[in-house]
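# Give me coordinates for this.
(one chain, ligands or ions: 1)
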Amino acid sequence: MTNKTVLITGASRGIGRAAAHCFAQAGYDLYLTCISSIDRLREMADSLSSRYDITCTAILADMGCYADVERVFSQISDLDVLVNNAGISHVGLLSDMSPEEWHRVLGTNLDSCFYTSKLAIPLFLQKHSGKIINISSVWGNVGASMEVAYSASKGGINAFTKALAKELAPSNIQVNAIAFGAIDTDMNACFTSQELADLAAEIPADRLGTAEEAGQLIFQLSQAPEYLTGQVITMDGGWI
Ligand code: NAD
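The predicted structure is shown next:
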């Protein structure tokens, strides 16, 4: 029997990397992408391939660029799960943000979900099954000051998820999102240790989540019953 296959975007570190480990452990073949750290990603792909006896392909690609996403999909002939994880944040006043910065955040976080879904859907239709998991944020649910573009991109992902789930349910393709709270990854490296401690103090669980917990939930959602679709599931330690 052939292994199931997952594509995880932005898998060189943080949540994407942790999710890749969970899928590898379960015997999935992996396609992993990153925007710059291809050596680190290749190293990880080689180590997962030999440790779990799976096929693991590392690809350098900007998921906010449709030509790059087409190049990724030119290598994929079969797919069971798509995890749209690649994302960037931008902290600052909206009035200080340039149109280029706005487009970069929206392109990386939201356009990418359109590009990958558009190209994954024909593969899923062939087998009348497939799962799309979009990585969102609590800021997409409630909005954050100083993170307007990021919040808009994640709010867009939430609406995209609900709408596409309705469109694809008749074809037995499930589309869900996970809205993470504060997860301890490099994305939060812009904050000082005091700011992170203050943040943790605001969270009822009294800490940030770990990338491993986030990766675990992504994998578990991929195993959920097919009747679960169109949902934005929040994991934030009781924060928001
Ligand atoms: P991270 O910065 O550690 O990792 C981001 C990954 O995305 C990296 O592998 C990077 O190479 C990749 N990436 C960035 N731009 C890309 C592009 N244009 N094309 C391809 N890959 C690209 O961050 P993380 O915390 O692991 O974030 C993963 C996802 O989780 C993001 O979508 C983020 O918005 C979301 N999220 C994170 C938090 C948090 O607190 N860390 C909270 C909520 C949601």
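
# Please report the distance of the residue positioned nearest the centre of the chain from the ligand.
The centroid of the chain falls nearest to N85 when counting by CA atoms, centre = their mean (1.5 Å). Distance of N85 to the ligand, given as CB to the nearest ligand atom, to the nearest Å: 5 Å. C-beta here means a position set from N, CA and C on the backbone, and glycine is covered the same way.

# again with P225
P225 sits 24 Å away from the ligand, going by CB to the nearest ligand atom.

# Could you do H90 as well?
The spacing between H90 and the ligand, counted by CB to the nearest ligand atom, is 11 Å.

# before we move on, the earlier item: I figured the residue nearest to the centre of the chain was touching R13, is that so?
No. N85 is beyond contact range of R13, at 10.7 Å (criterion: CB atoms under 8 Å).

# Give me the phi and psi for the residue nearest to the centre of the chain.
Torsion angles at N85 (phi, psi; degrees, to the nearest 10) stand at phi -110, psi -30.

# For the longest helix anywhere in the chain, buried residues please.
Counting residues, the longest helix found in the chain (DSSP state H) is helix 148-168. Buried residues in helix 148-168, counted by 16 or more other CB atoms under 10 Å: 148-158, 160-162, 164-165, 168.

# Can you give the contact residues for that helix?
For helix 148-168, the surrounding residues in contact (CB atoms under 8 Å, 6 or more residues apart in numbering) are 84, 87, 89-90, 94, 97, 101-102, 105-106, 108-110, 113-114, 117, 121, 124, 132, 134-137, 139-141, 143-144, 174-177, 179, 229-232.

# From these, which land in strands?
Under the assignment DSSP state E, the contacts of helix 148-168 contribute 84, 132, 134-137, 174-177, 179, 232 to strands.

# Pull out the buried residues from the contacts of helix 148-168.
Buried positions within the contacts of helix 148-168, assessed by neighbour count (16+ other CB under 10 Å), are 84, 87, 89-90, 102, 105-106, 108-110, 113, 117, 121, 124, 132, 134-137, 139-141, 144, 174-177, 179, 229-232.

# Could I get the contacting residues of the residue nearest to the centre of the chain?
Residues counted as contacts of N85 (CB under 8 Å, 6+ apart) are 8-11, 15-16, 19, 135, 218.

# Recalculate using a threshold of 10 Å.
7-11, 14-20, 32-33, 63, 112, 133-135, 178, 214-215, 218 (CB atoms under 10 Å, 6 or more residues apart in numbering).

# Next: M146.
Contacts for M146 (CB under 10 Å, 6+ apart) come out as 90-94, 96.
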